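how would this look folded up:
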Amino acid sequence: MKNQVQLIAYVDRLSGGLRDLQALLEGPFAGLFGGIHLLPFFWPVDGADAGFDPIDHGEVDSRLGTWDDVRALSDRTEVMADLIVNHISSRSPQFLDLYERGGASSYAGMFLTLGRVFPNGARESDLLRIYRPRPGLPFTKVRLANGTEHLFWTTFTSEQIDIDVRDAAGIEYLGRILERFQSAGIRCIRLDAAGYAIKKPGTSCFMIPETFEFISELRAQAHDLGIEVLVEIHTHYEEQIEIARQVDLVYDFALPPLILHTLYTGNAGPLKHWLGISPRNAVTVLDTHDGIGVLDVGPSRKDTESRPGLLSPAQIYDLVETIHERSAGASRQATGAAANNLDLYQVNCTFYDALGRSDHEYLLARALQFFAPGIPQVYYVGLLAGSNDMDLLRRTGVGRDINRHFFTRAELEERFKAPVVRSLFDLIRFRNVHPAFAGEFQLPSSDDCSIAMEWRKDSNWARLDVDLAVRRAVISYSGHAGDQTITIAPGTAAEAHP
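Reported below is the predicted structural model:
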């Protein structure tokens, strides 16, 4: 993956189709992105979980385009796609075949049931030990056509049936998708929900040693096809550091809540602690197609472990309440029991709204992200400083939809003119082209009311100084015409000065 800012977007919610997206990349977005992560573009994109429940993972939704369109895009820029390893739609041909034919189906071993994972039965303690991203147990009762009933393993929703990735049919299924990706020129995959892929009796069924083995095997298989692997795991920060040692790339999901905590409290201590130890092979984010995570900075909740987090429970409570306050209560309507798609580890809100739609604080947050170790990724709603979509939330009742707006062409043109968006584009281009970001990261000493971050490569350097007391940031850097500065302060967009 290029060490340049990456875009992550739903094709249909940003541009309409793959060819429209390519036109954006060659037009208004020219020079902004080193690559693009296409969120699920498989058939269908409008399922139970916005494409993360594919009926056919190997088919492009025809409303977006074709594999030829994906290939044309990958010829122009680096493309990442999701390999959804944990589950498949209950409407998939494989599961429907099992439904109709039962044990005679060639896919009988592809899907996990309670009985397959616990052949000797499960005690209450076994079930309570299973690590859950959402309330309740991970099972859905299904009556097959022959009348037999089974408890299928459904980690996320009842429409997403978990795959046995150790079964021959499951192995063939994932391998076929990888080969399809390679033929379309896809150079990087994100392993979606990989932490849940292996279930084993007597364990949490999340990020156990066998999970690491599976990820390692899948990574080797992808590498043989010339494909890089990004692993998506929400977990305790120490476990994230350990995972990073064993994979190509991991997400820095601790960064968004820590940046919010820093801006809310004026205390950069927890953020600076994290930047001193965070994985360097990370993809950094502020907002994603999911919510703003808090699990990643909290204490460990897996098994019987008790390890402190980067923030205390009291600090996390204040963080969440401040998001609700700064978003004028909108995030509260989209989070937890207030909406479907319940998640225990996230607050549903755009990052721009989490900062009260403050342009200068939003640009300051992006500057912190762009200077943090790793490769920055910007979500399409965040790219346009998008606001919470309350209309979509009301229509669907899905909490995450508050941050999954469908932009019209007219809306895009309007957002391109917004000063905060134009300033963000300038910051992205600066991050992409300044040679210092190919060098070494340093975290100069400062008090907790300020933070300094610096990059150096040979004679090139770039430094970010943030004064939290006045919410003012200055980027200073080496240039062809001498030292330059960019200032981010209240009442102004990002202004460059020689």
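
what domains does the record give for the chain?
Following automatic domain parsing, the chain resolves into domains at 6-85+166-436, 93-161, 440-497.

Deepest-packed of the ones you listed, please.
Ranked by mean neighbour count, these are led by domain 6-85+166-436 with a mean of 19 (mean count of other Cβ atoms under 10 Å). Backbone N, C-alpha and C define where each C-beta goes, glycine included.

coming back round to it: would CSV of the domains of the chain with mean pLDDT be doable?
As requested, these are exported to CSV (pLDDT from 0 to 100):
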stretch, mean pLDDT
domain 6-85+166-436, 94
domain 93-161, 95
domain 440-497, 89
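
Tell me what Ile488 is bridged to.
Note on Ile488: beta-bridge partners by DSSP bridges are Ala473.

nearest residue to Ala122 other than its sequence neighbours?
Spatially, and ignoring its direct neighbours in sequence, Ala122 is nearest to Leu114 (6.5 Å; Cβ to Cβ, 6 or more residues apart in numbering).

Contacts only, for that neighbour.
Residues in contact with Leu114 (Cβ atoms under 8 Å, 6 or more residues apart in numbering) are Ala122, Phe139, His150, Leu151, Trp153.

Give me the residues contacting stretch 19-38.
Applying Cβ under 8 Å, 6+ apart, the contact partners of stretch 19-38 are 1-9, 11, 14-15, 65, 69-70, 72-73, 76-81, 187-188, 190, 375, 377, 412, 416, 425, 428-429, 432.

quick one, strands of the stretch 1-150 of the chain?
Using DSSP state E, counting those that start in this stretch, the strands of the stretch 1-150 of the chain run over residues 6-9, 35-38, 42-43, 56-60, 78-84, 87-89, 139-143, 149-153.

center of the protein - which residue?
Nearest to the geometric centre of the chain sits Thr288, at 4.8 Å (Cα atoms, centre = their mean).

does that one really touch Tyr10, like I thought?
No: applying Cβ atoms under 8 Å as the test, Thr288 and Tyr10 come out as separate, 11.6 Å apart.

Tell me where the stretch 351-498 of the chain has strands.
Under DSSP E, counting those that start in this stretch, the stretch 351-498 of the chain gives strands at 375-379, 440-442, 450-457, 460-467, 472-477, 484-488, 495-497.

Now distance to Gly202 too, for the ones you listed, in JSON lines please.
Output for the strands of the stretch 351-498 of the chain, formatted as JSON lines (distance: least, Cβ to Cβ, whole Å):
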{"stretch": "strand 375-379", "distance to Gly202": "37"}
{"stretch": "strand 440-442", "distance to Gly202": "41"}
{"stretch": "strand 450-457", "distance to Gly202": "44"}
{"stretch": "strand 460-467", "distance to Gly202": "48"}
{"stretch": "strand 472-477", "distance to Gly202": "50"}
{"stretch": "strand 484-488", "distance to Gly202": "52"}
{"stretch": "strand 495-497", "distance to Gly202": "59"}
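
picking up where we left off before, what would the contacts of Leu114 look like in CSV with distance to Asn348?
Converted to CSV, these look like this (distance: Cβ to Cβ, whole Å):
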residue, distance to Asn348
Ala122, 32
Phe139, 25
His150, 33
Leu151, 29
Trp153, 25
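
of all those, which comes closest to Trp455?
Nearest to Trp455 among the contacts of Leu114 is Trp153, at 45.2 Å by Cβ to Cβ.

can I assume Val250 sits in a strand?
Yes: if the criterion is DSSP: H, G, I helix; E, B strand; the rest coil, then Val250 is within a strand.

Tell me what angle the strand or helix carrying Phe214 forms with strand 78-84.
Per DSSP states H and E, Phe214 falls inside helix 209-224. Orientation check (axes from the mean of the first three to the mean of the last three Cα atoms, to 10 degrees): helix 209-224 against strand 78-84 gives 140 degrees.

what helices or strands is helix 209-224 leaning on?
When contacts are defined as 3 or more Cβ pairs under 8 Å, 6 or more residues apart in numbering; DSSP states H and E, helix 209-224 packs onto helix 168-183, strand 188-192, strand 228-231.

could you dump the ones you listed to JSON lines with distance to Gln22?
As requested, these are arranged in JSON lines below (distance: least, Cβ to Cβ, whole Å):
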{"stretch": "helix 168-183", "distance to Gln22": "18"}
{"stretch": "strand 188-192", "distance to Gln22": "18"}
{"stretch": "strand 228-231", "distance to Gln22": "22"}
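
got the contact list for Ile186?
Ile186 neighbours (Cβ under 8 Å, 6+ apart): Val70, Ser74, Val79, Met80, Ala81, Ile227.

For the last one, which residues are in contact?
Translated: Ile227. Counting by Cβ under 8 Å, 6+ apart, Ile227 makes contact with Leu178, Phe181, Gln182, Ile186, Arg187, Cys188, Ile189.

now do the fourth one
Contact analysis of Met80 by Cβ under 8 Å, 6+ apart lists Met1, Gln6, Gly35, Ile36, His37, Leu38, Ile186, Arg187, Cys188, Ile189, Arg190, Leu230.

Swap in 7 Å and give it another go.
The contact partners of Met80, by Cβ atoms under 7 Å, 6 or more residues apart in numbering, come to Gly35, His37, Cys188, Ile189, Arg190, Leu230.

Also the second one?
Listed by Cβ under 7 Å, 6+ apart, the contact set of Ser74 reads Ala184, Gly185, Ile186.

And for the third one?
Neighbouring residues of Val79 by Cβ under 7 Å, 6+ apart: Gly35, Ile36, Leu38, Val70, Leu73, Gly185, Ile186, Arg187.

before we move on, back to that, please tabulate the contacts of Met80 in CSV and include distance to Thr265 as additional columns.
Listed next are the contacts of Met80 as CSV, based on distance: Cβ to Cβ, whole Å:
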residue, distance to Thr265
Gly35, 34
His37, 31
Cys188, 36
Ile189, 37
Arg190, 32
Leu230, 31
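
and Phe152, bridged to which residues?
Applying DSSP bridges to Phe152 gives these bridge partners: Thr113, Thr140.

Hmm, Arg143 and it touching each other?
No: judged on Cβ atoms under 7 Å, Phe152 makes no contact with Arg143 at a distance of 11.0 Å.

between the strands of the stretch 1-150 of the chain, which gets nearest to Ala197?
strand 87-89 (9.2 Å).

which helices and strands sit right next to that closest one?
The elements that strand 87-89 packs onto, with contact taken as 3 or more Cβ pairs under 7 Å, 6 or more residues apart in numbering; DSSP states H and E, are strand 160-162.

Which strands and helices lie in contact with the strand it packs on?
strand 87-89.

how far does the strand it packs on sit from the chain's center?
19 Å (Cα atoms, centre = their mean, to the nearest Å).

contacting residues around Ser327?
Cys349, Asp353, Ala354, Asn388.
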